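S.K.: No letters, just coordinates:
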């Protein structure tokens, strides 16, 4: 047996890598069955919430239910926030809030435009008969 084959055999038995200072990769210890996985600090926190995500959702809800003239603001603001979230993937969370608020803003804007068209129709086109 040559020296290299004896070294290789000894490396296999001892688990060391080789003669050239290489370090063998040691896998992370696995928890025993029934034990919880260890929690590391970077696992506890996901991406931060976008600062305007909840505002867009609230404006969309208010625009559909209470004050319909706020709905276009939710639609425009939702577009800005979505562009910011999509420009930095993984940096912000709550994209779903923004999407829902933007859609509610679109629906509310549709309501506002129908209200304005009905007012214009009844005032300009079909005025009440004068007595």
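M.R.: Good, I have the coordinates. This one's a predicted model, so the numbers in the text were calculated from it and none came from an experiment. Numbering: from 1, shown residues only.

S.K.: Name the helix or strand of the chain that has the lowest mean pLDDT.
M.R.: Ranked by mean pLDDT, DSSP states H and E, the weakest helix or strand in the chain is helix 41-44, scoring a mean of 57.

S.K.: and residue 76, how many neighbours?
M.R.: Residues near residue 76, counting by other C-beta atoms under 10 Å, number 15. Placement of C-beta: from N, CA and C, glycine included.

S.K.: Excluding chain neighbours, what is closest to it?
M.R.: residue 105 (7.6 Å; C-beta to C-beta, 6 or more residues apart in numbering).

S.K.: can you pull the buried residues of the strand or helix carrying residue 115?
M.R.: For residue 115, the host element (DSSP states H and E) is helix 95-120. Across helix 95-120, burial judged by 16 or more other C-beta atoms under 10 Å covers 95, 97-102, 104-109, 112.

S.K.: Then stretch 83-98?
M.R.: Residues of stretch 83-98 classed as buried by neighbour count (16+ other C-beta under 10 Å): 85, 92, 94-95, 97-98.

S.K.: For it, which outside residues touch it?
M.R.: Contacts of stretch 83-98 with the rest of the structure, by C-beta atoms under 8 Å, 6 or more residues apart in numbering, involve 46-50, 52-54, 56-57, 78, 81-82.
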